[in-house]
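J.: Sequence and predicted structure, then a few things I'm wondering about:
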Amino acid sequence: MVNSKRIAILGAGNIGAALIGGILKTGVADREHLIATVRTAERAEELAAKYSITVTAGGNREAAQASELIILAVKPSTLPWVLEEIRDALRDDQILISLAAAVPIALIEKLIDRRMPIFRAMPNIPVVVEEGATAVASNAACTAVQRQLVENIFRAVGVVTFVEEDMMHAVTALSGSGPAYVYMVIEALIAGGLKMGLSREVSTRLSEQTVLGAAKLVRETMLHPAILKDQVITPGGVTISAIHELEKHGLRSMLISAIETATHHSQNLTRSLMAKFGKEG
Ligand SMILES: NC(=O)c1ccc[n+]([C@@H]2O[C@H](COP(=O)([O-])OP(=O)(O)OC[C@H]3O[C@@H](n4cnc5c(N)ncnc54)[C@H](OP(=O)(O)O)[C@@H]3O)[C@@H](O)[C@H]2O)c1
């Protein structure tokens, strides 16, 4: 299903490039309807060669002007300057989608000095392998049709869910940063296998597949993980002895606290951004 809207991806780094790949693969837009910008000429050449689309170094204003849907995929610290650059090129018939962590829609509205449909999305890094988890919030100017379009874009690179904007801090702490926690778990599982004498290769393959398979089982059975965990336990067996050890060290409590701390950190980042860029006048 090729969309007739022109899409600009401003800042095609890790996440932006993954979106280009997903959009082209699923036909949300074709090559002629997709344009991207980056900072350096080298990166522009690399992406243009890989995806056969127009990619420019800079040129955010021109890309925004030529598009109906503008995805802001630059880093949060760069976003105010990019918004400043494109502000006068924006029109009411366009849609903005910001991926910038901790940047609230209200601040974007203030920086562009207009009300228009704005979505704020929090993807995560597995979008690169089309297994991302993206949460999306929107302002009151967004319509159901626009919402569907935005859902199609992020569904091209994984699963999508809509949330109220005040939940974005928790989303950032859970799924935005979450891959890092899971990498630590995989790293530790590999180390455990190594310690017990498994080869590096065997330990790595078994660890990654265990995490992948366990997650797939949660999704496909729709059973609570506690039930699935119980199914692995044999009375007096190996698994319960390991679980006892994990409980002694507070594995679950540690992860809950990590998400709580990260949520508060995200809230503080937003407060700092609002203090710096959101002042009246
Ligand atoms: N990575 C994550 O796990 C993650 C998760 C959730 C949300 N996010 C959000 O997604 C956004 C992108 O993150 P990322 O990890 O993809 O960052 P990234 O890989 O650093 O990509 C940023 C891109 O912006 C380009 N850029 C810098 N200044 C520019 C300018 N003035 N005009 C146009 N392009 C410019 C850079 O170009 P060059 O390559 O030429 O330097 C780079 O390609 C961020 O706002 C982040 O908060 C990221």
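T.: That came through, no problem.

J.: In a helix, I35, correct?
T.: No. Secondary structure of I35 (DSSP: H, G, I helix; E, B strand; the rest coil): strand, not part of a helix.

J.: So what sits opposite it in the bridge?
T.: A8, T54 (DSSP bridges).

J.: what residues are up against it?
T.: By Cβ atoms under 8 Å, 6 or more residues apart in numbering, the residues touching I35 are 6-9, 53-56, 63, 66-67. Glycine gets a C-beta too; all of them are placed from N, C-alpha and C.

J.: Residue numbers of the stretch 1-150 of the chain in contact with the ligand?
T.: Residues of the stretch 1-150 of the chain lying near the ligand by Cβ under 6 Å from any ligand atom: 10-16, 37-40, 43, 58, 60, 73-76, 78, 82, 99-101, 122-125.

J.: Show the buried residues in these.
T.: 10-13, 15-16, 37-38, 43, 60, 73-74, 76, 82, 99-101, 122-125 (16 or more other Cβ atoms under 10 Å).

J.: among those residues, which are in strands?
T.: 10, 37-38, 122 (DSSP state E).

J.: okay, now the residue lying closest to A102 once chain neighbours are set aside: neighbour count?
T.: Nearest residue to A102 in three dimensions, chain neighbours excluded: L269, at 4.0 Å (Cβ to Cβ, 6 or more residues apart in numbering). Here the number of neighbours of L269 (other Cβ atoms under 10 Å) works out to 16.

J.: And whatever helix or strand L269 lives in, what's buried?
T.: Applying DSSP states H and E as the criterion places L269 in helix 251-277. For helix 251-277, a neighbour-count test (16+ other Cβ under 10 Å) marks 258-259, 262-263, 266-267, 269-270, 273-274 as buried.

J.: Over to stretch 20-40?
T.: Buried residues in stretch 20-40 (16+ other Cβ under 10 Å): 20-24, 26, 28-29, 33-38.

J.: Give me the distance between that stretch and the centre of its chain.
T.: What separates the centre of stretch 20-40 from the centre of its chain is 17 Å, taken as Cα atoms, centre = their mean, to the nearest Å.

J.: same thing with stretch 5-17?
T.: That offset, for stretch 5-17, works out to 13 Å (Cα atoms, centre = their mean).

J.: what do you get for stretch 168-184?
T.: Centre to centre, stretch against its chain (Cα atoms, centre = their mean), the figure for stretch 168-184 is 10 Å.

J.: And the contacts of that stretch?
T.: Here stretch 168-184 has contacts from 101-102, 104, 120, 122-126, 133, 135, 137, 163, 211, 255, 258-267, 270, using Cβ under 8 Å, 6+ apart.

J.: Also stretch 246-257?
T.: Stretch 246-257 has contacts (Cβ under 8 Å, 6+ apart) with Y181.

J.: distance between the ends of that stretch?
T.: 16 Å (Cα to Cα, to the nearest Å).

J.: mind checking pLDDT for the nearest residue to R155 once chain neighbours are set aside?
T.: Excluding the flanking residues, the one nearest R155 by Cβ to Cβ, 6+ apart is T26, at 7.6 Å. The per-residue pLDDT reported for T26 equals 90.
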